[in-house]
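> Next comes the sequence, and after it the predicted model I'd like to discuss.
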Amino acid sequence: WEDGLAQRDILYGIGYRQTSIVGEYKQPIYENFSIRYRLGFDTTEVETEPYSLARELMYRENKFRASAIANWEINKDHQLAFGAEYVKEDFGLKAEGKNNTFNYRMGDKKDMPIWSTDMFSLVTEHQWIIFDKITTFLSARMDDHTYSQPMFSPRATVVFTPTEKDTVKLMASRATRTNV
């Protein structure tokens with residue numbers, strides 16, 4: 001019980017509206033080497049529909065993403081990609097056109113706290129076509145996030161394509177994610 005509300009009143013409908021824009025440019029450097037630049041922005045508004053005694057909740061989240069990935073075709077059997085990415089996320093922003101933003105805790109009329117995160121990433125992947133039907137991928141990702149220690153995520157994959165319609169993948173990876 002909080003402010004006279006039962007826990008069952010926390011369950012209510014949620015709707016959201018998302019707007020995204022992405023721009024991409026591929027810059028050829030040499031015949032077999034290029035860099036792909038990408039910028040993106042997402043904004044998501046969340047709105048609850050109150051039932052019973054539950055109060056309305058409205059807030060907005062923004063995400064900005066920028067990356068640069070180089071692609072190098074070493075020869076017909078080997079390709080290498082490497083680059084960097086930056087992601088900035090803002091949470092608890094006021095929803096557009098709304099005067100009130102209530103905290104996610106029922107009955108708390110304080111504004112939802114505004115907070116943000118930054119993540120810097122380095123990525124790389126090597127592709128080797130061993131035979132027409134067998135390809136390997138070795139990749140790694142290093143993430144440095146505001147609320148965690150740097151995280152390293154390697155992956156190795158073997159892809160077998162016995163027919164045009166069939167594909168078998170064997171993958172080993174160690175992935176880590178932020179708790180945010």
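On my side now, so go ahead.
> where does residue 163 fall, phi/psi-wise?
The phi and psi torsions at residue 163 (degrees, to the nearest 10) take the values phi -140, psi 170.
> Quick one: the strands in the protein, in order.
For the chain, applying DSSP state E gives strands covering 13-30, 33-49, 58-75, 78-93, 115-131, 134-145, 151-160, 168-173.
> possible to save those as CSV with mean neighbour count and mean pLDDT?
Placement of C-beta: from N, CA and C, glycine included. Shown next, in CSV, are the strands of the chain (neighbours: other C-beta atoms under 10 Å; pLDDT from 0 to 100):
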stretch, mean neighbour count, mean pLDDT
strand 13-30, 10, 87
strand 33-49, 15, 88
strand 58-75, 16, 93
strand 78-93, 16, 94
strand 115-131, 15, 95
strand 134-145, 16, 95
strand 151-160, 15, 94
strand 168-173, 10, 94
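> is it true that residue 129 touches residue 74?
No. Using C-beta atoms under 8 Å as the test, residue 129 is too far from residue 74 to be in contact (11.3 Å).
> From the chain's centroid, how far away is stretch 148-158?
Stretch 148-158 has its average C-alpha position 15 Å from the chain's average C-alpha position, going by C-alpha atoms, centre = their mean, to the nearest Å.
> Then stretch 157-171?
With C-alpha atoms, centre = their mean, you get 27 Å for stretch 157-171.
> Please list the outside residues in contact with it.
133, 134, 135, 136, 137, 139, 155, 156, 172 (C-beta atoms under 8 Å, 6 or more residues apart in numbering).
> So for that stretch, first residue to last residue, what's the gap.
End-to-end distance for stretch 157-171, by C-alpha to C-alpha, to the nearest Å: 4 Å.
> who's the residue nearest to residue 116 when sequence neighbours are not counted bridged to?
With sequence-adjacent residues excluded and distances taken as C-beta to C-beta, 6 or more residues apart in numbering, residue 116 is closest to residue 90, at 4.6 Å. Note on residue 90: beta-bridge partners by DSSP bridges are residue 62, residue 116.
> and residue 90, what does it touch?
61, 62, 63, 114, 115, 116.
> same question, residue 77
Residues near residue 77 by C-beta under 8 Å, 6+ apart: 128, 129, 130.
> Enumerate every residue touching residue 141.
By C-beta under 8 Å, 6+ apart, the contact set of residue 141 is 121, 122, 123, 152, 153.
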